[in-house]
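[1] take this sequence and fold it.
(chains A and B)
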2 protein chains.
Amino acid sequence: MLQGKVLIAQGGGPTAVINQSLVGAVQEARRQGAEGIYGARHGVSGIIAEDFVDLAQETDANLEAVATTPCSALGSTRDKPDEAYCQEIFKVLKAHGIGTFFYIGGNDSSDTLRILLDEAKKADYALRCVHIPKTIDNDLMVNDHTPGYPSAAKFVASAFAGANEDNRALPGVYVGVVMGRHAGFLTAAAALARRYPDDGPHLIYLPERTFEVDAFCKDVQAAFDEHGRCVVAVSEGIHDADGTPILAKLSAELEKDAHGNVQLSGTGALADLLTDAIKNNTSIKRVRGDTFGCLQRSFLGCVSALDQREAREVGIRAVQFAAAGQDGTVTIHRVGDYAADFRLNALEDVAAKTKVMDDAFISDDGTDVTAAFMDYARPLVGPMDAAERLRAPAVAKLMG
Amino acid sequence: MLQGKVLIAQGGGPTAVINQSLVGAVQEARRQGAEGIYGARHGVSGIIAEDFVDLAQETDANLEAVATTPCSALGSTRDKPDEAYCQEIFKVLKAHGIGTFFYIGGNDSSDTLRILLDEAKKADYALRCVHIPKTIDNDLMVNDHTPGYPSAAKFVASAFAGANEDNRALPGVYVGVVMGRHAGFLTAAAALARRYPDDGPHLIYLPERTFEVDAFCKDVQAAFDEHGRCVVAVSEGIHDADGTPILAKLSAELEKDAHGNVQLSGTGALADLLTDAIKNNTSIKRVRGDTFGCLQRSFLGCVSALDQREAREVGIRAVQFAAAGQDGTVTIHRVGDYAADFRLNALEDVAAKTKVMDDAFISDDGTDVTAAFMDYARPLVGPMDAAERLRAPAVAKLMG
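    The predicted structure is shown next:
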């Protein structure tokens, strides 16, 4: 039995499957006979603004179409409520008779629910809260993985599989910068692009390890000397031994040269700084850098089938847990090879915490992933198109 | 009857379907009973290096797998031969008894064949040459469109469809920079992302029109004021009234500020410069820029079915024309709505020339495409996933 009207919202960065969770929650709330199903536009900011839509009036046909659309159909927000913000939220929830709140999001959104639940108890407002996980960063504690990650990982792997072929056709160095400030899971997914022994990425730089520009340039030169080309996957979150992001470090040096007049900003800057470092410190001429930017979380038509199913499932399960009178966060656990189990954990277990890659997933030299990571990631991403090569033998030279 | 052994090579930038043309040519050469079918690695540079593979020994099964792999399976080159280079080519061709050469590429590759054919006549070397068209830029004269463009256009449209949803979820300004130095066809394909009247891209900047930074910032502010957000598609080739690329112009201004010490380079620079211009000249706070880079020509798994078929067809037709004793370039012509006809034109008709967008394809204000462009592009890209929206009505406000 669901307490009061149901409210659903989406927070943080979009993913390819976040609307699967929304649709799962709406359909299950309908099955559970909810007295009302509202959606808040743009996360908690829409609650304050009393900006609700009546999701009970959605057709199943349209819900299914929305489910396969990337990004957050209700809109999102980066707002994180404090005590005063929560009081405003309760006023609106009370006016509309809302007793159950589902928030689809990452560690910030789960922390929002934690704060909200604490404040609700203090205010003696009867509120049921269940967090529905999503994040392309894959950095939620307790979870084996997080909805949104498998599809983003498929995009990254597909991009590197193509970039590898591009780099084979026109040899040189290719640097692809991938999202993930603290956790390297998404960058590591570039390894799924490899099939042949000499396929790229030949180097992978993760935020779990310290990054040194000199060592980076030497690694690139060595890989280039071996393969006649080099494909590199770099996390946007790479940092030096002091934890200073490489982007800030390299930009600062440039600013100093420029007497402080030049600001480097925008998403393409790190790739450009790294390709400049290679050009300046190696003998390699053809160097290209791409930053995958928002494409890796929103591109239309690149999705993992398993991710779609699991994202739907966590939405459904969240409503079932709430109907059983429980608060918390839905978590995904790997059982067997591969099967998943969905459980409920306390919000505190994931709220505002960040999971990073296990040491067992990172090679000893810190520039590659291990077989254990490949075993972890492959079933999540599922089948991909295969990049195949000509096998024709060389023709004997006649010119001496 | 094919003259001598057949040689096939690939030149210029990769595309998603260039290997379809390779496979079409190999299979048709086999059907025509060619006495040998060689592939040159890395275009004409592989001829000089006598770096051939024996394509007659490829299995049909593997050829079909290679056909659906993006980029150039034989490898590519940016080399453009002069007279001395051609003499070296003839020595190698003569040694191997090669009498027919197929070069898959864009305007540079067709010009290479033109030079080669001229030099062969002078040298009295019996060489049959047929150019097989490809380019994501879609800038070959005579052709209605060029193999490779429809798939790249699908990537660009899919990226903007996702970016539009991302921008709806977290409003602000989004600038996506698309390839195409002189022709705006690929940037224009961003318009295919639109379904609802307020969908982005809200502004499209093409190299066929003069770009002014001040007007750009005003356009962006106006679109933002209207929609509360703004998605912009920009060609990498935008330039000022003097033809100076905006990237060079803005970088030069920054260099001047920096007393000439700072070099801005790399593929992300234009997007970063444009987003900086918006931040500095409008009141808009959230501004993001992406550069699609090599993804738009090599991404694994984003292809137009029509593009695949036509790329195969131009490879097959090239061999048929050569077997009939003809030199030239295979061209695609639109007949009816939509059907295609494949003809042979003189190399001079396309070699080293550049087609740009017709005025009828560009809106009067120069920041959008017309219905005529949409009619032109839609059948090429074919069906795309649809980005669907919630239709739930707003809940009446109770808080006054």
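[2] show the end-to-end separation of stretch A:43-61, please.
    End-to-end distance of stretch A:43-61: 24 Å, with CA to CA, to the nearest Å as the criterion.
[3] scratch that, stretch A:203-217 is what I was asking about
    This stretch, stretch A:203-217, spans 11 Å end to end (CA to CA).
[4] what do you get for stretch A:230-250?
    Across stretch A:230-250, first to last residue, CA to CA, it's 22 Å.
[5] and the nearest residue to A:Ala241 once chain neighbours are set aside, what does it touch?
    Spatial nearest neighbour of A:Ala241, chain neighbours left out: A:Thr210 (4.8 Å); criterion: CB to CB, 6 or more residues apart in numbering or on different chains. Glycine gets a C-beta too; all of them are placed from N, C-alpha and C. Listed by CB atoms under 8 Å, 6 or more residues apart in numbering or on different chains, the contact partners of A:Thr210 are A:239-241, A:366.
[6] dump those to JSON lines, plus neighbour count and secondary structure.
    Below are the contacts of A:Thr210 laid out as JSON lines (neighbours: other CB atoms under 10 Å in any protein chain shown; DSSP: H, G, I helix; E, B strand; the rest coil):
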{"residue": "A:His239", "neighbour count": "19", "secondary structure": "strand"}
{"residue": "A:Asp240", "neighbour count": "14", "secondary structure": "coil"}
{"residue": "A:Ala241", "neighbour count": "8", "secondary structure": "coil"}
{"residue": "A:Gly366", "neighbour count": "16", "secondary structure": "coil"}
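[7] out of those, who's nearest chain B?
    Closest approach to chain B among those (CB to the nearest CB): A:His239, at 19.6 Å.
[8] surely that closest one and A:Pro207 touch.
    Yes. In this structure, A:His239 is within contact of A:Pro207 by CB atoms under 8 Å, at 6.5 Å.
[9] tally of neighbours for A:Tyr125?
    Close neighbours of A:Tyr125, defined as other CB atoms under 10 Å in any protein chain shown, add up to 18.
[10] sorry, that was for A:Thr244
    11.
[11] per-residue confidence at it?
    On pLDDT, A:Thr244 comes in at 89.
[12] from A:Asp272, how far off is it?
    A:Thr244 is 18 Å from A:Asp272, where distance means CB to CB, to the nearest Å.
[13] surely A:Arg378 is within a strand?
    No. A:Arg378 is assigned helix when assessed by DSSP: H, G, I helix; E, B strand; the rest coil, not a strand.
[14] now it, nearest residue through space, not along the chain?
    Take A:Arg378 and drop its neighbours on the chain: the residue closest to it by CB to CB, 6+ apart is A:Leu192, 6.8 Å away.
[15] which parts of the stretch 51-200 of chain A are helices?
    For the stretch 51-200 of chain A, helices defined by DSSP state H, counting those that start in this stretch occupy the ranges A:60-67, A:83-95, A:107-122, A:149-169, A:185-188.
[16] got CSV for the ones you listed, with mean pLDDT, distance to chain B and mean neighbour count too?
    Output for the helices of the stretch 51-200 of chain A, formatted as CSV (pLDDT from 0 to 100; distance: least, CB to the nearest CB, whole Å; neighbours: other CB atoms under 10 Å in any protein chain shown):
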stretch, mean pLDDT, distance to chain B, mean neighbour count
helix A:60-67, 98, 4, 17
helix A:83-95, 94, 4, 17
helix A:107-122, 93, 13, 21
helix A:149-169, 98, 3, 28
helix A:185-188, 98, 15, 30
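[17] could the ones you listed go into TSV alongside distance to B:Ala215?
    Output for those, formatted as TSV (distance: least, CB to CB, whole Å):
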stretch	distance to B:Ala215
helix A:60-67	37
helix A:83-95	40
helix A:107-122	38
helix A:149-169	34
helix A:185-188	38
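[18] mind checking which of those is nearest B:Gly148?
    Closest to B:Gly148 of the helices of the stretch 51-200 of chain A is helix A:149-169 (CB to CB; 12.9 Å).
[19] in chain A, which residue is closest to the centre?
    What sits nearest the mean C-alpha location of chain A, by CA atoms, centre = their mean, is A:Ile136, with 1.1 Å.
[20] what residue in chain A comes nearest to chain B?
    For chain A, CB to the nearest CB, closest residue to chain B: A:Gly268, 1.6 Å.
[21] any weak-confidence spans in chain A?
    Scanning chain A for pLDDT under 70 picks out A:252-267.
[22] quick one: the strands in it?
    Assigned by DSSP state E, chain A shows strands spanning A:5-10, A:37-40, A:52-54, A:98-105, A:128-133, A:173-178, A:203-205, A:230-235, A:287-291, A:328-335, A:339-345.
[23] redo the ones you listed as CSV? Include mean neighbour count and distance to chain B.
    Below are those laid out as CSV (neighbours: other CB atoms under 10 Å in any protein chain shown; distance: least, CB to the nearest CB, whole Å):
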stretch, mean neighbour count, distance to chain B
strand A:5-10, 27, 8
strand A:37-40, 27, 6
strand A:52-54, 21, 4
strand A:98-105, 27, 10
strand A:128-133, 27, 16
strand A:173-178, 28, 7
strand A:203-205, 26, 17
strand A:230-235, 28, 11
strand A:287-291, 25, 3
strand A:328-335, 20, 21
strand A:339-345, 15, 24
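[24] let me have those strands in JSON lines, extended by distance to A:Asp111.
    Putting the strands of chain A into JSON lines (distance: least, CB to CB, whole Å) gives the following:
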{"stretch": "strand A:5-10", "distance to A:Asp111": "14"}
{"stretch": "strand A:37-40", "distance to A:Asp111": "17"}
{"stretch": "strand A:52-54", "distance to A:Asp111": "23"}
{"stretch": "strand A:98-105", "distance to A:Asp111": "9"}
{"stretch": "strand A:128-133", "distance to A:Asp111": "9"}
{"stretch": "strand A:173-178", "distance to A:Asp111": "25"}
{"stretch": "strand A:203-205", "distance to A:Asp111": "29"}
{"stretch": "strand A:230-235", "distance to A:Asp111": "23"}
{"stretch": "strand A:287-291", "distance to A:Asp111": "28"}
{"stretch": "strand A:328-335", "distance to A:Asp111": "10"}
{"stretch": "strand A:339-345", "distance to A:Asp111": "14"}
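[25] closest one to B:Leu140 among those?
    Of these, nearest to B:Leu140 by CB to CB is strand A:287-291, at 24.2 Å.
[26] residues touching that closest one, excluding its own?
    By CB under 8 Å, 6+ apart, the residues outside strand A:287-291 that reach it are A:163, A:172-177, A:236, A:267-268, A:270-272, A:274-275, A:278-279, B:266-268, B:290-295.
[27] neighbours of A:Asp365, how many?
    Residues near A:Asp365, counting by other CB under 10 Å, number 10.
[28] nearest to A:Asp341, out of the helices of the stretch 51-200 of chain A?
    A:Asp341 lies closest, by CB to CB, to one member of the helices of the stretch 51-200 of chain A: helix A:149-169, at 16.5 Å.
[29] and the closest one, what does it pack onto?
    Helix A:149-169 is packed against strand A:173-178, helix A:185-188, strand A:230-235, helix A:295-298, helix A:305-323, helix A:371-381, helix B:295-298, with contacts defined by 3 or more CB pairs under 8 Å, 6 or more residues apart in numbering or on different chains; DSSP states H and E.
[30] which helices and strands sit right next to the second one?
    I take that to be helix A:185-188. helix A:149-169, strand A:203-205, strand A:230-235, helix A:371-381.
[31] could you dump those to TSV with distance to A:Gly33?
    TSV is the format used below for the helices and strands packed on helix A:185-188 (distance: least, CB to CB, whole Å):
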stretch	distance to A:Gly33
helix A:149-169	32
strand A:203-205	50
strand A:230-235	46
helix A:371-381	34
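[32] nearest to A:Asp219, out of those?
    Between the helices and strands packed on helix A:185-188, strand A:203-205 lies closest to A:Asp219; by CB to CB that is 5.4 Å.
[33] how about the residues of the stretch 301-400 of chain A near chain B?
    A:301-302, A:384-395, A:397-399 (CB under 8 Å from any CB of the partner chain).
[34] any of these buried? List them.
    Applying 16 or more other CB atoms under 10 Å in any protein chain shown to those, the neighbour count classes A:301-302, A:384-385, A:387-388, A:390, A:392, A:395 as buried.
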